[in-house]
Structure formats: structure tokens, C-alpha cells
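J.: here are the coordinates; sequence isn't available:
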Ligand code: ADP
Ligand code: ZN
């Protein structure tokens, strides 16, 4: 019955839509297409479909002539069509499918992760009291917990099921609520959450030309003249200029001299970091050589992957800018990923200087409406460049020419919740799919990327020197075993000298708060988070103990609550304490601190950097926030207060992470005319991470670290998949993890996954997090294909059991992308 060309889905007379719903279910579902949608529904549009007893949003991911075998009768109809144009094109859909498969994650949820939040109205369960329930509440005689819950519902009229379960999590379960419903005391109904973000419009007036038949009043002719000069003005502009103009507008409109219409407004975002302008320089010969290669790649219009290994201050940004210029000349588009956009105002401001309004920003600090608008600017092809944190990899460009990943080694490219994707790896995949150029840049490339370069998967390009031959800073390592107090002789002397010379200093300490934890020396008591397996950190300003994982906080006690001893002590220092120490050492000096506690207000981060740039800060104390690519010529000394915090973190990447941090921090020193100096304080001065960082020796570090990884079969020489079970009940979670281990071993015995090694199951490194218990099992293997197969099989078998147990499976595919 169809007269469609094969492979053409536009306006097809298809009968069935395959839909990926935005829910954690791994399957997709089929629905009949009602007649009224037959010529309208296209792949990539959002639809509203019935799902169990609810209505949910999903994405039409395929259109079929016939229902798949065996489900004909059961098929329900698509209820509503939510878009007039597809939100995702076929290429994007392929990308999303790849991600869903690789990370073993439901397709609908993957697509959702790629779209701005708020595009999916979600149905929710509303709980209300029935007449019967109300009566019981008034008359009394309810169980105490019923009374509590009913009173709450009565007070608010109605409540969502989730809110009730959260509020009374200790006392009420879902089955209890269902039981009350059965007894006719409450109603539970489905409703659609109205949270879809919408484009914002304003009324505009346009001049239509022509003459008025009758003479018009002076006010009207003034307005008309004003509109005519501008061609188009918004009502709000007009309101500012003229007093109550609405009558005049109506009459001008009636005589056809002006017209009124709606214009979409882009919610304004404050992106301009008021930093110094960035003129376009002549390229150095090193830059020139690197750019020539990249331009060849761009002009080939083929997948061309590059890794730029350029020391800090070698001028990578200028390469990015020039490469993008070329891509724009071709009429293609660019994605620029940066670790955390709010932390890189300098980079942003350079891009703004060069490309102006042709740039869209995507990051998590934007409001929902702002994010939506930015996304739509890209989707409508109003802009050609998207810059943002990891989620910008999903920017809906149709004609992508380049993807740039700045500081490609940065851990923030890995999403640690839900869909655990790695944006750098996805950049590789998308660039390959779109036949685009890929530029990964770093002073300290990740082991994975450098390994890929060694194997010829990426072209390696080097920028071995700083611009204008500025030397890299001299780095000294101080063994803290021989020092007293927080700061070594060396650091104190260097700070003092810098103050005298009117130079600026940075002090890096990777832990915020005042004291890492509090200890009672009399009875040994420490304060632990009740939700997480960590100690609470002491914060002086509000005298509180805080958990840095779940934000649990309590007032700090004066005396030990167990033995009533008076000698509670702070152990291990944080930035707050460091700042205090510096202030008391150098009372005349301008000291400032930059960490999550001092930058929670929007723009406060930029303000601190601005003050640093304008010389209003002499010493800046901070966490890794101060590490990111800033370029301040007057900073000549950098002190690392403790290199040990990251070194002893329970993770096989801790050495790499330490090397990267130290190199990046050190890279902040000596960017101007004056030679830079760095002092690293540590209790492990001989560790190779520290020694290689001291000598600016990335290759040396890479070799040493590779040997360690290869010997222990860690990435990039193998791949890891972590299967983590997370549940409310310790017993159930543990029991299920044992079951998981059994299934895993059984799969191996049956011959799935040759060469796969299973570690665990065991309690996860942080066995309790945010109130949930965590058990895990690691699978290690050299063949990505076999490991992936194994993971799929295991997941499938586990899924059934998990649904019963109320425990979540969280799969973490280690981000080692080797093409
Ligand atoms: P990276 O990102 O590699 O750390 P930047 O791109 O920040 O380095 O460059 C370091 C400094 O060199 C910046 O101040 C930049 O303005 C300057 N710079 C870059 N390229 C040139 C050039 N070709 N000529 C002069 N100055 C340059
Ligand atoms: Zn906690």
C-alpha cells in the first residue's frame, strides 16, 4: 500500500513507530501510528505514548510498514506528537545508538542525556485524600503514621508519590500506600508534569511603508518615524521610549502602517568575562608547522584525528582558533569541549573576541531556559560554534567539521552519574561518524590518548616550547619529613620574596575546608558521615562538620560527645586553614581563596580571577580550580602544599592524576617576563609522578606509568568494566553481588569471554555513599568485543533479579577508547 521510495522516511505512510522511551528500560517499544499522524510523524520526533499505566515521552527511532511478528494485537497507539520537526537527525540517532550499545544503557535515556533538560514532560503519581480518607482524618482513630501522612497531604492538597516516600522514607513504603489506596483512603492518579521549557517570544513592530489616508496625531507620527528608522522594534523598547503607546500602536496597525508579530528572544546569558582583549598574533614557526598538518586534515573532509602535545603556554588556543576559522570557511561547524566552562573564562573570552556572536555556550551553570535557547540556536543553525563542558558533544550540528577537546586528559570529561560516558571518547566516535577533524590538546595527555598516538591511531603533533621561548619554571621538591609545620622554609621564603618584588603567588592544596577531620585524642573518636564511608570535614567559617560527598552537615561540637574531653583536634589541613595561616604569616598582604566554598555564587569565580589579573591579589590559595588554564603574567611563584592527597587516592590512575595536577599547577608560573618558580611539598619525594613533573618530563612519566599499567593489566593495555550494585539494604545488595559473581563465573565456565578476568565481587572503595550500599565486580579483558559481549550477557541475566530486589546496577565501562 505504500508508494514510498526505499529508505525515505519523510512523510512516509508507515503504520508502526518504534519508540525509545525516556525511562530506564533497555528495550524499545512499538506503537501504531494513528491516521492523523501518518504523513507527519518523522524519525527523531518526540511522541507521547502509553506505557503501562502512564503516559511517557519517547523518541520515534524508526518507522515500519508492518508490526514486528508476534506483537500485532497488543500494539497501542501513539497518543500525541510533540514536535513539528525532528529534534534529532538520522546521523545523531546513529551516534546515540552507538552510545547506548557501548555503555549498555537504555537508548531513550541516552537521547535524553543529549538534549537540554526539560524537554521531556514526565508523568507523575499524585496522591490525594479520598472523602473516606478525609473523614477518617477528622474523626481520628488512624494509625499514627497514617495520621502523619494524611495531615501532610491535607495541608498541601495533593502530593506526589515520590515526595511522600522521600519525606517519610523511614516510615512509609510504596506497598503501604497502595494498601491505603485499596482501602479507599487515598487516590493515586497519573498526571503530566508541566515542565517543558518553551521558546520565549516577544512582540515586535515592523514598519510596513505606505502613507496614511488621514492625517495622524503628532504622537503617532513620532512613533511611526521612530519605527521606520529602525525597521523593527520590540514593544518593550517602544514602551521605554514613549509613554503609554498602546493606543497609538493599535491605530497605526489598523491603518496598515505597521504590523505586529512574535519574535523569539534568546534568553540572555552573561558570558563575557571582562578580561583583556585578545588580538590575533602572527603564528610562531612551531604553531605554523602544527597548523599546516591540521589544515590538511580539515581540507580532506575525512576523519582526521590529532593529538597536540603542547607544554603549558605553548599557544594551543591560537591553533584551535585558526583551525575553526578554516572549518567556518568551508561552511562547516565546530564543537569545542573544555573541562569546565565556568573555570575557563580566559579561553571563552578569547573565543568571543575572535568569533563574536557565532558562538553558543552550553554548560551546567546556565538556567534551563538559557540552556534550551542555546541548544536551539545550534539546532536552527544560527551559530556555527558550540563551546561547552562534556555535554556539548551532543550539540545538534548537521555539518560538523571539527571537534576540539582542550585539556583532553581532564577527569571532568567523564560523567560519573547515570550514563557514564566519557566526552573525549565520544568526540572520537562522533568525529569518525561525521568525517570531521578531531583535535585533542594537552600538556599532559592521558595515557590512553598517548598510547593511541603511539599506535598510529592519532597523529601526534608537538609544541615543545613556550611562546617566545619563555622557559618552563624551575621546580623544587621539598621532603616534608624534614620540615615542621604546614609550610616549608622554601615556600615561606619564596612567598616573602614575591611580596617584596610585587609579584603574585599561587598556593595549591587539593582539599577544601579547615581540617580534614576532627579527632578526640582522649578517646579516639572521629566524626563519620552517617550516609557515606568518609569522615566529616571541619569548616571554620560556619563552625560545621560537612560531608563533601552528600552535603550532610552538623554544627561542630565544642567537646567530645563521647568522653566529654576538651581537646578535640583538627587533623589534616584544608584551604580554609591554609588561608588563615597565610594571613597570619603575611598580615599586610592581599590574600584570597578560590575553592567551591568561595565560588558558590555565580560569577564569584570570575571575580576572583579578575582581581588576580588586575593585581589586587598577592597570594591566591585554592584547590584544583586554580589549576585550569589561566594565563597570568605576574604569577611567578606556585607552591604545592601537599602532593600526597591525590597520590594516595585508591585508584589505579592516582599516579597519572598526580603528575597531571603537578604539571598543570606548575604551568601557571612564569608566563610573563619573569622566570617562574615552583615548590612541591611532599612526604614521597622519590615518587616518579613527582620526579617526572619536576623535570617536565611527560615522556619519561608515560614510559614508567605504562610499565606499571602493562604489568598489572590495567588500561590502556586492557579494558575494565565495573559492575556496581547500589542498594538501600546492605544485606540485599551484598547477597545480590554474590549472585552476580556466580552468574559471572558461570558465564566464563560456559565459554563466554575468553581471557576475561573477574575481580570480586567485593565492597566498593567507598562502601557506602549517600546512604546507599555499594558492592562491585570488575571484569578485565584485552578484547573489547568479548568483554562487551560478556557484559551484555551478564546485564541481561541480572536485570530480572534486580527488579525484584530493588537494587540498581550501575555499569561503568572504563573510558579507554581504542579504535
Ligand atoms: P596553552 O593553551 O598552550 O597553555 P596559550 O594558548 O594560553 O597556551 O598561549 C600562551 C600565551 O602565548 C598566551 O598569552 C597567548 O596570548 C600567547 N600567544 C599564543 N600564540 C602566540 C603567538 N603566535 N605570538 C605571540 N603570542 C602568542
Ligand atoms: Zn555523606
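T.: On my side now, so go ahead. Quantities reported herein were computed from a predicted structural model and do not represent experimental measurements. Ligands and ions are numbered 1, 2, ... in the order given.
J.: show the pLDDT at whichever residue of the stretch 401-550 of the chain sits closest to ligand 1.
T.: Distances between the stretch 401-550 of the chain and ligand 1 by CB to the nearest ligand atom are smallest at residue 467, namely 3.7 Å. Glycine gets a C-beta too; all of them are placed from N, C-alpha and C. Note for residue 467: predicted pLDDT of 86.
J.: repeat for residue 528
T.: 87.
J.: in the helix or strand harbouring residue 180, which residues are buried?
T.: Applying DSSP states H and E as the criterion places residue 180 in helix 174-182. By 16 or more other CB atoms under 10 Å, the buried positions in helix 174-182 come out as 176, 177, 180.
J.: in its sheet, what does the longest strand along the chain sit against?
T.: Using DSSP state E to define each element, the chain has its longest strand at strand 757-769. Sheet pairing for strand 757-769, assigned by DSSP bridges, gives strand 772-781 (antiparallel).
J.: residues making contact with the partner strand?
T.: Residues external to strand 772-781 that are found in contact with it (CB atoms under 8 Å, 6 or more residues apart in numbering): 713, 718-730, 733-734, 736-737, 740-741, 744, 753, 755-764, 766-768, 787, 790-791, 794.
J.: just the pLDDT for residue 10.
T.: 48.
J.: mind listing what residue 413 touches?
T.: So residue 413 contacts 337, 339, 390, 405, 422, 423, 424 (CB under 8 Å, 6+ apart).
J.: starting at the chain centroid, how far to stretch 144-163?
T.: From the chain centre to the centre of stretch 144-163 is a distance of 35 Å (CA atoms, centre = their mean, to the nearest Å).
J.: picking up where we left off before, give the ChimeraX command for selecting the buried subset of the contacts of strand 772-781.
T.: With 16+ other CB under 10 Å as the criterion, this ChimeraX line picks the buried residues out of the contacts of strand 772-781:
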select :718,719,720,721,722,723,724,725,726,727,733,734,736,737,740,741,744,753,756,758,760,761,763,764,767,768,787,790,791,794
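J.: out of the contacts of strand 772-781, which are close to ligand 2?
T.: Checked against ligand 2 using CB under 5 Å from the ion, those yield no neighbours at all.
J.: for the nearest residue in space to residue 86 that is not next to it in sequence, give me its contacts.
T.: Leaving out its chain neighbours, the residue that sits closest to residue 86 by CB to CB, 6 or more residues apart in numbering is residue 44, at 3.0 Å. Taking CB under 8 Å, 6+ apart, we find residue 44 in contact with 59, 60, 61, 86, 87, 88, 89, 90, 92, 93.
J.: again with residue 28
T.: Neighbouring residues of residue 28 by CB under 8 Å, 6+ apart: 18, 19, 20, 21, 61, 107, 108.
J.: residues in contact with the host helix or strand of the third one?
T.: Going back to what we said before, that points to residue 20. Using DSSP H and E, residue 20 sits in strand 16-21. Here strand 16-21 makes contact (CB under 8 Å, 6+ apart) with 28-33, 41, 47, 49, 51, 56-68, 75, 78, 106-108, 111.
J.: quick revisit: which secondary structure elements does the helix holding residue 180 contact?
T.: helix 161-167, strand 186-192 (3 or more CB pairs under 8 Å, 6 or more residues apart in numbering; DSSP states H and E).
J.: and the residue of the stretch 51-200 of the chain found nearest ligand 2, how many residues sit next to it?
T.: Relative to ligand 2, the nearest point of the stretch 51-200 of the chain is residue 169 (15.8 Å; CB to the ion). Neighbourhood size, residue 169 [other CB atoms under 10 Å]: 11.
J.: the chain should start at 48 in everything you say after this.
T.: Done: numbering now begins at 48, and the last item shifts to residue 216.
J.: helix, strand, or coil at it?
T.: coil (DSSP: H, G, I helix; E, B strand; the rest coil).
J.: do you know how far it is from residue 208?
T.: Applying CB to CB, to the nearest Å, the value for residue 216 to residue 208 is 12 Å.
J.: residue 371 now?
T.: 49 Å.
J.: which residue does the stretch 548-697 of the chain bring closest to ligand 1?
T.: residue 678 (4.7 Å).
J.: mind checking the SS state of residue 755?
T.: helix.
J.: list the contacts for it?
T.: Residue 755 touches 702, 761, counting by CB under 8 Å, 6+ apart.
J.: pull the contacting residues for residue 848.
T.: 783, 786.
J.: that one belongs to a helix?
T.: Yes. Per three-state DSSP, residue 848 lies within a helix segment.
J.: before we move on, back to that, most neighbours among the contacts of residue 75, which one is it?
T.: Highest count within the contacts of residue 75 by other CB under 10 Å belongs to residue 155, 27 neighbours.
J.: just give the closest residue to it, not the sequence neighbours.
T.: Closest to residue 155 by CB to CB, 6+ apart is residue 67, at 3.7 Å.
J.: residue 542 and residue 87: what is the separation?
T.: Residue 542 is 69 Å from residue 87, by CB to CB.
J.: on the three-state scheme, residue 356 is what?
T.: From three-state DSSP, the assignment for residue 356 is strand.
J.: tell me the bridge partners for it.
T.: residue 489, residue 509.
J.: counting neighbours, what do you get for it?
T.: 23.
J.: what do you get for residue 382?
T.: 28.
J.: likewise residue 611?
T.: Based on other CB under 10 Å, the number of other residues close to residue 611 is 10.
J.: sec struct for it, please.
T.: Following three-state DSSP, the label given to residue 611 is coil.
J.: find the nearest non-adjacent residue to residue 804, please.
T.: Closest to residue 804 by CB to CB, 6+ apart is residue 827, at 4.6 Å.
J.: go ahead and confirm residue 545 touches residue 552.
T.: Yes. With contact defined as CB atoms under 8 Å, residue 545 and residue 552 form a contacting pair (4.8 Å).
J.: with neighbour numbers in mind, choose between those two.
T.: Shown here are residue 545 and residue 552; by other CB under 10 Å, residue 552 has more neighbours (27 against 21).
J.: output the below-cut-off pLDDT ranges for the stretch 398-547 of the chain.
T.: In the prediction, the stretch 398-547 of the chain carries no residues with pLDDT under 70.
J.: who in it is up against ligand 1?
T.: Within the stretch 398-547 of the chain, the positions near ligand 1 by CB under 6 Å from any ligand atom are residue 514.
J.: tell me where the stretch 398-547 of the chain has helices.
T.: Along the stretch 398-547 of the chain, counting by DSSP state H, counting those that start in this stretch, helices occupy 415-426, 470-480, 494-501, 536-547.
J.: buried ones in the last one?
T.: This means helix 536-547. Under 16+ other CB under 10 Å, the buried positions of helix 536-547 are 537, 538, 539, 541, 542, 545, 546.
J.: now swap in the shortest one and tell me
T.: Neighbour-count burial for helix 494-501 flags 494, 495, 496, 497, 498, 499, 500 (criterion: 16+ other CB under 10 Å).
J.: what about the last one, distance to ligand 2?
T.: Same thing as residue 500. Taking CB to the ion, to the nearest Å as the measure, residue 500 falls 40 Å from ligand 2.
J.: ok, that residue - contacts?
T.: Contacts of residue 500 by CB under 8 Å, 6+ apart are 354, 356, 492, 506, 507.
J.: which of those sit farthest apart?
T.: 492 and 506 (12.8 Å; CB to CB).
J.: picking up where we left off before, more neighbours: residue 371 and residue 208, which one.
T.: Legend: neighbour count by other CB under 10 Å for residue 371 and residue 208, higher for residue 371 (27 against 15).
J.: and the more buried one, what are its phi and psi?
T.: phi -70, psi -40 (degrees, to the nearest 10).
J.: which residues does the closest residue to residue 814 other than its chain neighbours contact?
T.: Using CB to CB, 6+ apart and skipping the chain neighbours, the partner closest in space to residue 814 is residue 580 (5.0 Å). Contacts of residue 580 were listed using CB under 8 Å, 6+ apart, and they are 813, 814, 815, 816.
J.: can you lay out those as JSON lines showing distance to residue 173 and pLDDT?
T.: Output for the contacts of residue 580, formatted as JSON lines (distance: CB to CB, whole Å; pLDDT from 0 to 100):
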{"residue": "813", "distance to residue 173": "36", "pLDDT": "83"}
{"residue": "814", "distance to residue 173": "37", "pLDDT": "86"}
{"residue": "815", "distance to residue 173": "33", "pLDDT": "88"}
{"residue": "816", "distance to residue 173": "31", "pLDDT": "85"}
